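Peer 1: structure, please.
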Amino acid sequence: GGGAFLIPYSIALACCGMPLMFLELAWGQYVSEGPITAWVVCPLFTGIGICACTMTTIVILYYNVIMCYSVYYMFASINTVVPWAHCRDDWVQLDNCSEKYMDHTIETPANMTSMGTPPSTIYLIKEVLDLSSGLWDFGHIQWRLALCLAFIWIVTFLCVVKGIKSTGKVVYFTATFPYLILVVLFVRGVTLEGAMIGIGHYLSPDWSKLLDLTVWGDAFQQVFYSLGPGWGGLLTFASFNDFHHNIQRDALLVTIISGFTSFFGGFVVFSILGFLSFSYNKPFEQVVGTGITVAFEAYPAALAKMPLAPLWSFCFFFMVIILGLDSEFGMVEALICAVVDYYPKQLRRYKSYITAAVCFGFFLVGLVFVTQGGIFLVNLIDSYFAIFGLLCVCFTECVVFGYVYGIRRFEADIAHMLGYPPSPFFKVMWCAVTPLLIVFILVSLFIRDSGGDMYYQGRKYPGYATLLGLSVGFAVAMIIPVYSVLKLAANGCDWRRLTQPTDQWRPKLHDHTQAPDLNGVSSNGKLEPDRISSNA
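Peer 2: Predicted coordinates:
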């Protein structure tokens, strides 16, 4: 939709992203607990925290796999010529390789063969993935990808093993350095021939797309993934804030910065894709795909045609890795904090060993995704497994704080921290606008994802793949009502008591001016007994 996409994206930022971010920051800062034990505010809905951790686990499993592709490409860029720049002899003979064509609107193998296949696509299929015939045909493990996956998990472990202190220091680099690379790539991109083709496509609005529900679904999905509500990471990191830290200001600033970064990043991506369209002498729509297609086919193809291609390719994939690690730290930290906070007396002293075990366990399971058929599973999970549960988590959070716990009590808690109540804007969002928009987006995504067949590189998924993806996605969301029913059954259906805060819903007594370490020792070396809470 070009510039028209900015309308649903801006609405998603203002009416869903920012209110949900403020809600979770205020909640975590007030109670200083992880994503499961924080539900002392309303024990009946602890299943929301379990659902959030389940989604985080699913995403962690494949998120590092996508980053390992970036590691592969980054190291492959350390050469005089990037290896996907030209067709090799065997690619021309066996794969109909052509350096003059790239059309990502073609999905069937017959059409791809008749029109020719670009070298960047063949490089991804044959050299990086060694692609199998389809879903469930896993084949063998790609050992080079396995090494890249191990590299990513080792970096993740080293950055989170010391808890919030080490993660906080690393994030100073991972959150700021990509801006430098973005600026460099922007300057280089807009000076390329054909850059205005892409920028014009980026800014020119197609107003008819505003009537397309899938456009709205994509906009909201982008916001939920970029700002991170519902995953547990915001709540976890906020639990280590100073009690009187101004989270309302943080929510506003982070939302504005995130929106600006996405908008600015669009110029970087579309300017270089415009150059690719110019180089191939093809319409812009024919050289642009989505998701993995953009990152590992279209963009590498564009970078390969630039002067000093290895340098720009290395910078781009290094930036992707840094951005990915930034998100990965939050998810891993949230998951470990959820486990440790649930059994604090038994596990807190062994937090470093738990972190090592979690990272190693995720690496072992992740080996499934670096087999020849692993990419098919990655696409399936990315499309269906997490987003529906994520939206259900955010919806129920609004309902709980707006109506079950009560907006007036939550307003008083925020005033306790900030010295003044939250803006009326946020109260209207939490109680009405945000949950209604989430329901709208749930319907939009269901319509988008329930029809049509799935393809990857001309290989068709089984007919039941869409149903499988939707079923698993909604099964994750069903954790919330199932847990509530079991909780009621175990407590004699005493719903009044289960919907009231427990004694643990209160500010903790440790010194909030110093950020504590997840091992239970504050920066002044004293134990924090109140960070160690009972089970929710």
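
Peer 1: my guess is residue 117 contacts residue 84, does it?
Peer 2: No - between residue 117 and residue 84 there is no contact under CB atoms under 8 Å: 11.7 Å. All C-beta spots, glycine's among them, are computed from the backbone N, C-alpha and C.

Peer 1: these two: which is more packed in?
Peer 2: Neighbour comparison, residue 117 and residue 84: the larger count goes to residue 84, with 27 against 24 (by other CB atoms under 10 Å).

Peer 1: tell me the contacts of the more buried one?
Peer 2: The contact partners of residue 84, by CB atoms under 8 Å, 6 or more residues apart in numbering, come to 119, 120, 122, 123, 124, 127, 300, 301, 304.

Peer 1: out of the residues you listed, who has the most neighbours?
Peer 2: Result: residue 300 is most packed of the contacts of residue 84 (other CB under 10 Å), 28 neighbours.

Peer 1: on that earlier part again, for the contacts of residue 84, which one is nearest residue 183?
Peer 2: residue 300 (20.8 Å; CB to CB).

Peer 1: check the closest one and give its pLDDT.
Peer 2: As predicted, residue 300 sits at a pLDDT of 88.

Peer 1: circling back: want to throw the contacts of residue 84 into CSV with distance to residue 357 and secondary structure?
Peer 2: Below are the contacts of residue 84 laid out as CSV (distance: CB to CB, whole Å; DSSP: H, G, I helix; E, B strand; the rest coil):
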residue, distance to residue 357, secondary structure
119, 42, helix
120, 38, helix
122, 39, helix
123, 36, helix
124, 33, helix
127, 33, helix
300, 36, helix
301, 41, helix
304, 41, helix
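
Peer 1: need these in a markdown table (columns: distance to residue 368).
Peer 2: Putting those into a markdown table (distance: CB to CB, whole Å) gives the following:
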| residue | distance to residue 368 |
| --- | --- |
| 119 | 28 |
| 120 | 26 |
| 122 | 24 |
| 123 | 23 |
| 124 | 19 |
| 127 | 20 |
| 300 | 25 |
| 301 | 29 |
| 304 | 31 |
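
Peer 1: what's around residue 46, how many residues?
Peer 2: Residue 46 has 22 neighbouring residues, counting by other CB under 10 Å.

Peer 1: separation between residue 155 and residue 225?
Peer 2: As judged by CB to CB, to the nearest Å, residue 155 and residue 225 stand 21 Å apart.

Peer 1: the more surrounded of these two?
Peer 2: Neighbour count, other CB under 10 Å: between residue 155 and residue 225, residue 155 has more, with 19 against 16.

Peer 1: the more buried one: which element?
Peer 2: Element membership for residue 155, per DSSP states H and E: helix 143-160.

Peer 1: what's that helix packed up against?
Peer 2: When contacts are defined as 3 or more CB pairs under 8 Å, 6 or more residues apart in numbering; DSSP states H and E, helix 143-160 sits against helix 46-76, helix 164-174, helix 309-342, helix 351-366.

Peer 1: and those, which one averages the lowest pLDDT?
Peer 2: The minimum mean pLDDT among the helices and strands packed on helix 143-160 belongs to helix 164-174 (a mean of 70).

Peer 1: before we move on, back to that, just the closest of the contacts of residue 84 to residue 387, please.
Peer 2: Each of those was scored against residue 387 by CB to CB, and residue 124 proved nearest at 24.7 Å.

Peer 1: residues contacting the closest one?
Peer 2: 84, 296, 297, 300.

Peer 1: between these, which sits nearest residue 191?
Peer 2: Of all the contacts of residue 124, residue 191 sits closest to residue 300, with 19.6 Å by CB to CB.

Peer 1: surely the closest one and residue 83 touch.
Peer 2: No - taking contacts as CB under 8 Å, residue 300 lies outside contact range of residue 83: 9.8 Å.

Peer 1: where in the stretch 401-536 of the chain is pLDDT low?
Peer 2: 451-452, 509-536 (pLDDT under 70).

Peer 1: the same query, at a cut-off of 80, please.
Peer 2: Residue ranges of the stretch 401-536 of the chain with pLDDT under 80: 447-453, 457-458, 508-536.

Peer 1: coming back round to it: least confident of the contacts of residue 124?
Peer 2: pLDDT across these is at its lowest for residue 297, which sits at 84.

Peer 1: could you count how many residues lie near that residue?
Peer 2: Using other CB under 10 Å, residue 297 has 23 neighbouring residues.

Peer 1: roughly how far does it sit from residue 307?
Peer 2: For residue 297 relative to residue 307 (CB to CB), the value is 21 Å.

Peer 1: so who does residue 220 touch?
Peer 2: By CB under 8 Å, 6+ apart, the contact set of residue 220 is 8, 12, 16, 437, 441, 444.

Peer 1: same for the one helix or strand the fifth one maps to, what does it pack against?
Peer 2: Using DSSP H and E, residue 441 sits within helix 434-450. Contact here means 3+ CB pairs under 8 Å, 6+ apart; on that basis helix 434-450 packs against helix 213-227, helix 387-399, helix 465-477.

Peer 1: show me which residues of stretch 149-161 are buried.
Peer 2: 149, 150, 151, 152, 153, 155, 156, 157, 159, 160, 161 (16 or more other CB atoms under 10 Å).
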